[in-house]
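**Student:** structure for this input, please:
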Amino acid sequence: MQGLSQTLRVLKLFYTPLEFFRDDIISSNLRFPLLEEFHFNFFTIFRTTDYEDISQKCIAPFINSHSQTLKKLSVANRGVSQQPEYYYEPRRLFEHLTHLPGLAHLSVRLFLLLSDEASLDQLGRFIHAHSGSLSLLELHLYHSNIRPPITMGIGGDPQHELGLADFAPTYSSQTLFAHHIFGQALSSCRGLKTLQCMFLSEEALQSDAAPFLLWFPTIKCADTLTNLFLLYNTLKQDDIIALISSVDLPGLRRLRVKVLAFNMTLFDALSSKLTGLQELTVWAFSLTCTLAAGIQVGWTPVCRLPEYSPFLRELRTRSYAHWESLRDFFIPMIDGGHQQHVTQLGCDMEASIWQSWISEEQVRVAFPQIRRFDGGIRPFEML
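**Tutor:** Numbers count the residues shown, from 1 in each chain. Here you go, the predicted model:
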């Protein structure tokens with residue numbers, strides 16, 4: 001690495017243990033005068049390694065020594081295994097970081113326990129100190145003991161697996177959004193263009209979205225925000241509508257959400273509120289429709305919808321041609337193995353189960369302006 005140090009601009013240590021960082025990079029006194037991006041994961045080879053000492057005496061000084069060139073910083077604690085001894089608190093790292101005047105992109109992916117308030121405190125201090133320069137913020141604060149996300153990050157990097165176990169106490173939606181990192185630090189970021197958030201477990205906001213919905217209107221970057229990505233947490237349709245109705249987002253161009261169930265009411269609201277939107281991605285678990293008798297029905301399609309389906313009949317009553325800005329329209333359906341619906345929907349049993357649930361031709365009846373479309377069916381494991 002010595003030979004590359006003078007020209008290296010991006011350093012990614014996702015799979016590099018802290019012991020290597022201490023014994024090889026730091027001990028070699030390597031400096032990277034052109035370094036613009038630094039990405040790393042907290043994890044150690046040995047349980048006896050003092051990772052907090054390495055954070056304070058090695059990682060923080062390394063980052064600080066490149067403060068004049070760094071533009072992107074990514075921090076993740078790889079998390080825990082089946083033993084609580086493997087939980088890595090990033091408190092001392094953030095506590096000893098100095099100001100990075102050119103920092104524009106910050107990605108933080110942390111597995112959190114309620115007992116680790118100090119890490120959130122120091123993270124909030126760091127975000128607040130850089131609120132004037134940040135244009136992109138990935139804030140991933142997990143405690144899920146179900147499974148970690150495996151979607152791709154904004155920069156195309158995999159969101160690394162967290163070895164999750166059952167721990168208590170953990171944050172709830174109420175306690176997390178009561179923390180001053182939301183009321184003060186995030187609200188001070190006035191120039192964000194991209195905000196990607198993932199909170200707690202995937203179902204956390206599905207059962208209690210109120211604290212999130214109360215916090216979102218307090219953001220000060222509404223006028224500058226162009227990308228809002230909320231693909232990890234499952235939201236109800238009414239909560240998504242309430243979210244985008246709570247604040248004006250005149251510059252929003254890309255919105256990505258995951259919904260429990262949706263119907264055309266969602267697009268009615270989005271087209272009215274987000275008139276400049278260019279890309280809309282809605283991952284969904286099911287559809288809902290109102291029958292002639294006023295009865296609400298819901299189901300998860302596992303193959304192409306027949307023309308007589310209630311959803312397509314409702315779609316044909318709409319026109320979103322006025323939503324001229326919308327060019328990319330993605331509505332993949334998440335299938336959790338509900339093959340029993342195949343017969344109920346009148347689908348071809350011999351058709352591939354992983355096909356499209358709706359075609360571009362069917363969608364163009366209501367959305368004639370779109371250029372790119374995805375109406376595929378995705379296994380739950382692909383999320």
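**Student:** remind me which residues of the protein are low pLDDT?
**Tutor:** 1-2, 78-86, 144-169, 291-292, 336-354, 380-383 (pLDDT under 70).
**Student:** for it, what's the longest strand?
**Tutor:** strand 227-235 (DSSP state E).
**Student:** the helix or strand following that one versus strand 227-235: what angle between them?
**Tutor:** Counting by DSSP states H and E, the next helix or strand C-terminal to strand 227-235 is helix 237-245. Taking axes from the mean of the first three to the mean of the last three C-alpha atoms, to 10 degrees, one finds helix 237-245 and strand 227-235 inclined to each other by 150 degrees.
**Student:** by contact count, what packs against helix 237-245?
**Tutor:** Contacts defined by 3 or more C-beta pairs under 8 Å, 6 or more residues apart in numbering; DSSP states H and E place helix 237-245 against helix 210-215, strand 254-259, helix 264-273. C-betas here are computed from N, CA, C, even on glycine.
**Student:** in that helix, which residues are buried?
**Tutor:** 237, 239-244 (16 or more other C-beta atoms under 10 Å).
**Student:** got the angle for it vs helix 264-273?
**Tutor:** Using the same axes, to 10 degrees: helix 237-245 against helix 264-273 is 0 degrees.
**Student:** returning to what we had before: of the helices and strands packed on helix 237-245, flag the one that's most buried.
**Tutor:** Ranked by mean neighbour count, the helices and strands packed on helix 237-245 are led by strand 254-259 with a mean of 20 (mean count of other C-beta atoms under 10 Å).
**Student:** for that one, what is the distance to the chain centroid?
**Tutor:** 10 Å (C-alpha atoms, centre = their mean, to the nearest Å).
**Student:** how about Q362, secondary structure?
**Tutor:** helix (DSSP: H, G, I helix; E, B strand; the rest coil).
**Student:** follow-up on the earlier one: which of the helices and strands packed on helix 237-245 sits closest to D24?
**Tutor:** D24 sits nearest to strand 254-259 of all the helices and strands packed on helix 237-245, at 38.6 Å, using C-beta to C-beta.
**Student:** make JSON lines from the helices and strands packed on helix 237-245 and add distance to I45 to it.
**Tutor:** As requested, the helices and strands packed on helix 237-245 are exported to JSON lines (distance: least, C-beta to C-beta, whole Å):
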{"stretch": "helix 210-215", "distance to I45": "38"}
{"stretch": "strand 254-259", "distance to I45": "36"}
{"stretch": "helix 264-273", "distance to I45": "48"}
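**Student:** so which of these is nearest L280?
**Tutor:** The nearest among the helices and strands packed on helix 237-245, by C-beta to C-beta, is strand 254-259 at 5.6 Å.
**Student:** helices and strands around the closest one, which ones?
**Tutor:** Strand 254-259 packs on strand 227-235, helix 237-245, strand 279-284, going by 3+ C-beta pairs under 8 Å, 6+ apart.
**Student:** S325: which of those is closest?
**Tutor:** Comparing the helices and strands packed on strand 254-259 by C-beta to C-beta, strand 279-284 comes nearest, at 9.6 Å.
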